[in-house]
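>>> Here is my input, please return the structure:
(one chain, ligands or ions: 1)
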Amino acid sequence: MIYLNGKFMPIEQACIPVLDRGFIFGDGVYEVIPVYSRQPFRLPEHLTRLQHSLDGIRLKNPFGNDEWQQLLAQVIAQNNGEDQYLYLHITRGVAKRDHAFPANVPATVFIMSNPLLPPPAELLVSGAAAVTANDNRWMRCDVKAISLLPNVLLRQLAVDAHALETILIRDGFLTEGAASNIFIVKNNVLLAPPKSNLMLPGITYDVVLELAAANHITHEIRQVTETEVRTADEILLTSSTKEVMPVTLLDQQPVGNGKPGKVFMHLHTLYQEYKATHMRGFAPGASS
Ligand code: PDD
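This next block holds a predicted model:
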């Protein structure tokens, strides 16, 4: 069951007019929110980022946070599975084709939920392959825009090379992945590129840095050079759907010793514990 413009319906019945500006211009923004034990994970943070994206494209938020929360709870309740991921999508509505913003047109709001599967166990044991590419996206990668053509093309480079992700380099520095954030480890220090207009401020990225800080994992938030990526002891990939994953092969070369490293294993354990705390916090009868 999905939500579209005020109604709940089976996804097969959902229709969008062809003049929707999402379809015509890719004029909209989106969010992907993991749901564990039927409770959205880090919802306030996702809604804050949604507001940032809407502000970035000058589109009014159609709902307040309480309304979003209620709407998302209804979508979760109407779908199967304890663990889901919500996809929510807002466009500038339906109007005669003209690049300029239309006046007084209601936004299109679409929410769906899909089962959230944990990353395949073998990828956590052996690590994933990645390729690198030049980051040729626009200069507002901090906006989670639905116009994802550059990301689609970049991610396909990985698929073509039988790899999981494309790691992006702009002007000699690491930005992020085509659909993830990227960390490296060098000499036991976790290095994270600083948030800027050149990357999406990942919610999982924040969780990883919070876990690192709380658990005395030495870390630095600073620009990471392409050379540092290529000579890293470990590379980690994060996203709401992939959680924390090790990258052990980069452009067909082993990363470090070619196996998931110590910092990955520590952070992965901490992430699973953190998720469990989140789930317990919402379990029926839980005290916190
Ligand atoms: N993508 N960078 C990009 C370009 C992304 O598309 C994503 C997530 C991230 C990680 O952000 P977060 O930790 O908040 O999920 C970073 C989602 C999952 C997607 O488009 O499906």
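
>>> Now the residue of the stretch 1-150 of the chain found nearest the ligand: which helix or strand?
Residue nearest to the ligand within the stretch 1-150 of the chain: residue 32 (4.1 Å; C-beta to the nearest ligand atom). Every C-beta, even on glycine, is put in place using the N, C-alpha and C of the backbone. When elements are assigned from DSSP states H and E, residue 32 belongs to strand 28-36.

>>> so who does the residue of the stretch 1-150 of the chain closest to the ligand touch?
Residues counted as contacts of residue 32 (C-beta atoms under 8 Å, 6 or more residues apart in numbering) are 85, 86, 87, 240, 241.

>>> And for residue 236?
Counting by C-beta under 8 Å, 6+ apart, residue 236 has contacts 182-185, 190, 208, 244-247, 263-264, 267.

>>> and the most far-flung residue of the chain relative to its centre, what does it touch?
The outermost residue of the chain, judged against the average C-alpha position, is residue 96 (31.9 Å), by C-alpha atoms, centre = their mean. Going by C-beta under 8 Å, 6+ apart, residue 96 touches 19, 102.

>>> Doesn't it lie inside a helix?
No. Read with DSSP: H, G, I helix; E, B strand; the rest coil, residue 96 is coil and lies in no helix.

>>> Now the contacts of residue 236 in a markdown table, please, with extra columns for pLDDT and neighbour count.
As requested, the contacts of residue 236 are arranged in a markdown table below (pLDDT from 0 to 100; neighbours: other C-beta atoms under 10 Å):
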| residue | pLDDT | neighbour count |
| --- | --- | --- |
| 182 | 99 | 26 |
| 183 | 99 | 28 |
| 184 | 99 | 26 |
| 185 | 98 | 24 |
| 190 | 98 | 22 |
| 208 | 98 | 25 |
| 244 | 98 | 23 |
| 245 | 98 | 24 |
| 246 | 98 | 26 |
| 247 | 98 | 28 |
| 263 | 98 | 22 |
| 264 | 98 | 24 |
| 267 | 98 | 27 |
